[in-house]
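Peer 1: Could you work out the structure for the sequence below:
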Amino acid sequence: MNKKRALIILVKIFSPVLIVAALVLSGLWPLASAGVKEFSSQLFPEPGISFAPPHYICYRAPQPLTVDGKLDDPVWKKAAWTGLFADIEGSLKPKPRFKTRAKMLWDDEYFYIGAELEETDIWATLTQRDSIIFYDNDFEVFIDPSGSTHLYYELELNALGTPWDLLLVKPYRDGGPAVHAWNIQGLKAKVFGDGTVNQPGDKDKSWSVEIALPWKVLKECAPGKKPPLAGDQWRVNFSRVEYRVEVKDGLYSKVADPATGKPLPEDNWVWAPTGLINIHYPEMWGYVQFADGVIGERKDTFISRPEEEAKWALRHVYYKQKTHFQNYGAYADSLIELGLGEIKVKGYSWPPQIRTTWNQWEALLESEDGKERFRITHDGWVGRN
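Peer 2: Reported below is the predicted structural model:
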C-alpha cells in the first residue's frame, strides 16, 4: 500500500481534526490533502435519495383488452393509478410541469400498461422503429424480471406510436451492452392524442399510451424462464422525457440555450426516482406484485420482503467498490478500506464476506439462521447465492 493510499484511508477512518493535526506536525499534510482532494473528485455516482421504491399491485384482467391507446375499457377504469410521476432526482428537484401517471393489468398472455401524459403541445418527429426515440418527447417502460439489475427490457414510444425496444445485458455503468436488434415479438402498442399532433397554435390536453407486452417474450429473462406467478414481484419503472418547445416557422422547435445554441436539457419524470439523472439504476425501480384475483373482486396487500433490504445493503458495497477502483485501480478487501460502517439488516448478519482478485470482487451476506445468502458481484449483479 503506497503512502497516499494509506493517508486517505486514515482520513476515512479516524477523526479528520486529529488526522490533520498529526499530518501538519509531521510535514505530510500537502501529500494527504492532495490525496483527499483526488479521492473526493472521483466518486462513483450514487442515488442522492433514500431507498424507498414505490410499489403497485397488478390485478388480472377478466378478458383480453382491446389495445387502442384510449384507456376507456371498463376494466381499465377499475385499475388504480400509480402516484404522479416525480423528477428523476426525486425531492432534490421541483415537481414536474405536467402530470403523468400509469396503471397495470395482466392475464395469461400479456402484461398490460396504460399511461396518461398531460401535454399542451403534442408533437413527435420519428417514424422509424428503433430510432433513438428519446430525441422526441416520449414514454418509456423498464422491466427487470429477476431483480438482479441484469438482463432487463426497455421500450420507448413517442406520440406517433413509434417504438424502440431493446434488451440491456447489464446497465451501461457496468459495460452494457444494449442489444438494439432485440424485438418484442407480438408487441401491441397504441397512442391516442387528446388534441392534435404536430399542430402548433392550438392547445392540447394530453396523450395516452396503451401497451400489451407478451409473456412469451418477457419470460426470456425471468426466473425459470416463466411468466410471473401470483405473489411474484418484478422490478419496473416508467419514465417520461419532456423537452421545452417553441414555435418557429410554423413548426415545433426545442428551446435552445442562449449560451450554447444547443437545446436545453430534457426533463426526466419517472414513477420511481433514482436520485440522479440516470434511469439505468434498476435497484431503485418500483416493485410490481402480481395478484391472482381479477381486478375489482378482491384487494391484496403488498408484501415487503426482507431480502430486498439485504440486496440494498450489498449495493452500498458495490458503490464504494466502484469509487475505490476509480481511485486506486484495484478493489478493496475490507469494509474499513471502503470507509463503510455497519448497516443493520433485519435477519441478516453484517458484515458481508468480501472476496477480491486484481480485477474482480464479490460480497456475500448471510441470513442469521445460515439458510440464505445473497451475493453481489463486481459488475453489479445481485441475487441469491
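Peer 1: For stretch 230-239, what is the distance to the chain centroid?
Peer 2: Distance of stretch 230-239 from its chain centroid, counting by Cα atoms, centre = their mean, to the nearest Å, is 12 Å.
Peer 1: what's it in contact with?
Peer 2: Under the contact criterion Cβ atoms under 8 Å, 6 or more residues apart in numbering, stretch 230-239 has outside partners 53, 56, 82, 85, 88, 100, 102, 104, 113, 115, 139-145, 147, 152, 222, 228, 268-272, 279, 282, 284-292, 303, 305. Heads up, the C-betas are built off the backbone N, CA and C, glycines and all.
Peer 1: Just the C-alpha atoms of the longest helix along the chain, please, in PDB.
Peer 2: Longest helix in the chain, counting residues (DSSP state H): helix 306-328. As requested, C-alpha coordinates have been extracted for helix 306-328 and formatted as PDB (Å, rounded to 0.1, in the frame of the first residue of the first chain):
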ATOM      1  CA  PRO A 306     -36.500  -8.500   3.900                       C
ATOM      2  CA  GLU A 307     -34.200  -9.900   1.200                       C
ATOM      3  CA  GLU A 308     -34.700  -6.600  -0.600                       C
ATOM      4  CA  GLU A 309     -33.100  -4.800   2.300                       C
ATOM      5  CA  ALA A 310     -30.200  -7.300   2.200                       C
ATOM      6  CA  LYS A 311     -29.700  -6.600  -1.500                       C
ATOM      7  CA  TRP A 312     -29.800  -2.900  -0.900                       C
ATOM      8  CA  ALA A 313     -27.200  -3.200   1.900                       C
ATOM      9  CA  LEU A 314     -24.900  -5.100  -0.600                       C
ATOM     10  CA  ARG A 315     -25.500  -2.300  -3.100                       C
ATOM     11  CA  HIS A 316     -23.700   0.100  -0.800                       C
ATOM     12  CA  VAL A 317     -20.600  -2.200  -1.000                       C
ATOM     13  CA  TYR A 318     -20.900  -2.100  -4.800                       C
ATOM     14  CA  TYR A 319     -21.000   1.800  -4.900                       C
ATOM     15  CA  LYS A 320     -18.000   2.000  -2.600                       C
ATOM     16  CA  GLN A 321     -16.000  -0.600  -4.600                       C
ATOM     17  CA  LYS A 322     -16.700   1.400  -7.800                       C
ATOM     18  CA  THR A 323     -15.300   4.600  -6.200                       C
ATOM     19  CA  HIS A 324     -12.300   2.600  -4.800                       C
ATOM     20  CA  PHE A 325     -11.400   1.200  -8.200                       C
ATOM     21  CA  GLN A 326     -11.700   4.600  -9.900                       C
ATOM     22  CA  ASN A 327      -9.200   6.000  -7.400                       C
ATOM     23  CA  TYR A 328      -6.700   3.100  -6.900                       C
END
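Peer 1: can you give me phi and psi for D165?
Peer 2: phi -120, psi 140 (degrees, to the nearest 10).
Peer 1: Same check on S239?
Peer 2: According to degrees, to the nearest 10, the main-chain angles of S239 amount to phi -140, psi 150.
Peer 1: Kindly report the same for P282.
Peer 2: P282 adopts backbone torsions of phi -60, psi -20, taken as degrees, to the nearest 10.
Peer 1: L338 touches Y319, doesn't it?
Peer 2: No: applying Cβ atoms under 8 Å as the test, L338 and Y319 come out as separate, 9.2 Å apart.
Peer 1: returning to what we had before: please flag which of the contacts of stretch 230-239 sit within helices.
Peer 2: Counting by DSSP H, no part of the contacts of stretch 230-239 is found in helices.
Peer 1: Just the ones in strands from those residues, please.
Peer 2: 56, 100, 102, 104, 113, 115, 139-144, 152, 268-270, 286-292 (DSSP state E).
Peer 1: Quick one, which of those are buried?
Peer 2: Buried by 16 or more other Cβ atoms under 10 Å: 56, 100, 102, 104, 113, 115, 139-144, 152, 268-270, 286-291, out of these.
Peer 1: Show me where this protein dips below the pLDDT cut-off.
Peer 2: Filtered on pLDDT under 70, the chain yields the residue ranges 1-41.
Peer 1: Phi first, then psi, for the nearest residue to V317 once chain neighbours are set aside.
Peer 2: Distances taken as Cβ to Cβ, 6 or more residues apart in numbering place A363 nearest to V317, at 4.7 Å, with adjacent residues excluded. A363 adopts backbone torsions of phi -130, psi 140, taken as degrees, to the nearest 10.
Peer 1: Hmm, A363 is touching R315, no?
Peer 2: No: contact criterion Cβ under 8 Å: A363 and R315 do not qualify, at 9.9 Å.
Peer 1: what residues are shared contacts of those two?
Peer 2: Shared contacts of A363 and R315 (Cβ under 8 Å, 6+ apart): I376.
Peer 1: Compare neighbour counts for those two and give me the winner.
Peer 2: More crowded of A363 and R315, by other Cβ atoms under 10 Å: A363, with 24 against 21.
Peer 1: With that, I have no additional questions.
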